[in-house]
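S.K.: starting from these lines, generate the structure:
(2 chains)
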Amino acid sequence: DAGVIQSPRHEVTEMGQEVTLRCKPISGHDYLFWYRQTMMRGLELLIYFNNNVPIDDSGMPEDRFSAKMPNASFSTLKIQPSEPRDSAVYFCASSPGHGLLQETQYFGPGTRLLVL
Amino acid sequence: DAKTTQPNSMESNEEEPVHLPCNHSTISGTDYIHWYRQLPSQGPEYVIHGLTSNVNNRMASLAIAEDRKSSTLILHRATLRDAAVYYCIRGSSTGGTSYGKLTFGQGTILTVHP
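M.R.: Here you go, the predicted model:
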């Protein structure tokens, strides 16, 4: 299994531009999570999905952020318009939701976003 | 609110055991204790988890206090590759909107000296 796949790995953009981050979870996992990590705030949960349905988006900072999961194998996190304070590492994670390790989360390598 | 308390940093020598403590005094009866670690420039990775009994796996051991208000992650022989940030997290298994959510605190930065 390839694990959780994220793209792009690095993104540099200018303020005001739209940014789309992509994630492919581990096949068969029912849960998908989006996190953001900064030095100041640490690792924060933004939103998570269960069976493609958003369950809790209370961590999404503002309306500029949106996330979708059109099918079980793909999710996007979009920032429009982007701002310098959005610069961070964004992680996607998935978990089985069943079995002995049902809540264990498997993280992708992250996308390093820099907004100039 | 991570609801767990860990030391900011710890140091160890290579080949020696490491005991990483965690306090979770307000834990409920159904909350699991999860440990993750994050190596430099990587995403967090699962280490171990448990509910009441001590747990062992190929990476580490987890010792949970009888009153469940604290736990200790044990690395039996530290290597340089174990240098990472270690997170102790309470995970709810009660379903609803809290199911599956892990709230990461600041963790413990483990430095391993050769």
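
S.K.: from the chain's centroid, how far away is stretch A:7-16?
M.R.: 14 Å (C-alpha atoms, centre = their mean, to the nearest Å).

S.K.: would it count as contacting chain B?
M.R.: No. Against chain B, stretch A:7-16 shows no contacts by C-beta under 8 Å from any C-beta of the partner chain, the least distance being 10.8 Å. In short, each C-beta sits where N, CA and C put it, glycine included.

S.K.: give me phi/psi at residue 107?
M.R.: Because you didn't say which chain, this covers chain A. phi -100, psi 150 (degrees, to the nearest 10).

S.K.: tell me the contacts of B:Arg81?
M.R.: Counting by C-beta atoms under 8 Å, 6 or more residues apart in numbering or on different chains, B:Arg81 touches B:Leu39.

S.K.: quick check: it vs B:Val47, distance?
M.R.: 13 Å (C-beta to C-beta, to the nearest Å).

S.K.: contacting residues for the residue of chain A found nearest chain B?
M.R.: Nearest residue of chain A to chain B (C-beta to the nearest C-beta) works out as A:Phe107 at 3.2 Å. Under the criterion of C-beta under 8 Å, 6+ apart, the neighbours of A:Phe107 are A:Val4, A:Tyr35, A:Phe91, A:Cys92, A:Ala93, B:Gly43, B:Pro44, B:Glu45.

S.K.: quick check: the last one touching B:Leu39?
M.R.: Yes. Checked against C-beta atoms under 8 Å, the pair B:Glu45 and B:Leu39 is within contact range at 7.5 Å.

S.K.: enumerate the residues of chain A near chain B.
M.R.: Residues of chain A lying near chain B (C-beta under 8 Å from any C-beta): A:4, A:31, A:33, A:35, A:42-45, A:48, A:50, A:55-56, A:91, A:93, A:95, A:97, A:101, A:103-110.

S.K.: among these, name the buried ones.
M.R.: Buried subset of these (neighbour count, 16 or more other C-beta atoms under 10 Å in any protein chain shown): A:4, A:31, A:33, A:35, A:42-43, A:45, A:48, A:50, A:55-56, A:91, A:93, A:95, A:103-110.

S.K.: what's across from the residue of chain A closest to chain B in the sheet?
M.R.: A:Phe107 forms beta bridges with A:Ala93, as assigned by DSSP bridges.

S.K.: roughly how far apart are it and A:Ile26?
M.R.: Relative to A:Ile26, and taking C-beta to C-beta, A:Phe107 is found at 11 Å.

S.K.: what helix or strand is residue 27 on?
M.R.: Since you didn't name a chain, this refers to chain A. For A:Ser27, there is no enclosing helix or strand under DSSP states H and E.

S.K.: sorry, I should have been clearer: chain B.
M.R.: Using DSSP H and E, B:Ile27 sits in no helix or strand.

S.K.: for the residue nearest the centre of chain A, list the residues it contacts.
M.R.: Closest to where the C-alpha atoms of chain A average out (C-alpha atoms, centre = their mean) is A:Trp34, at 2.9 Å. By C-beta under 8 Å, 6+ apart, A:Trp34 lies in contact with A:Cys23, A:Leu45, A:Leu46, A:Ile47, A:Tyr48, A:Ala67, A:Ser75, A:Leu77, A:Tyr90, A:Phe91, A:Cys92.
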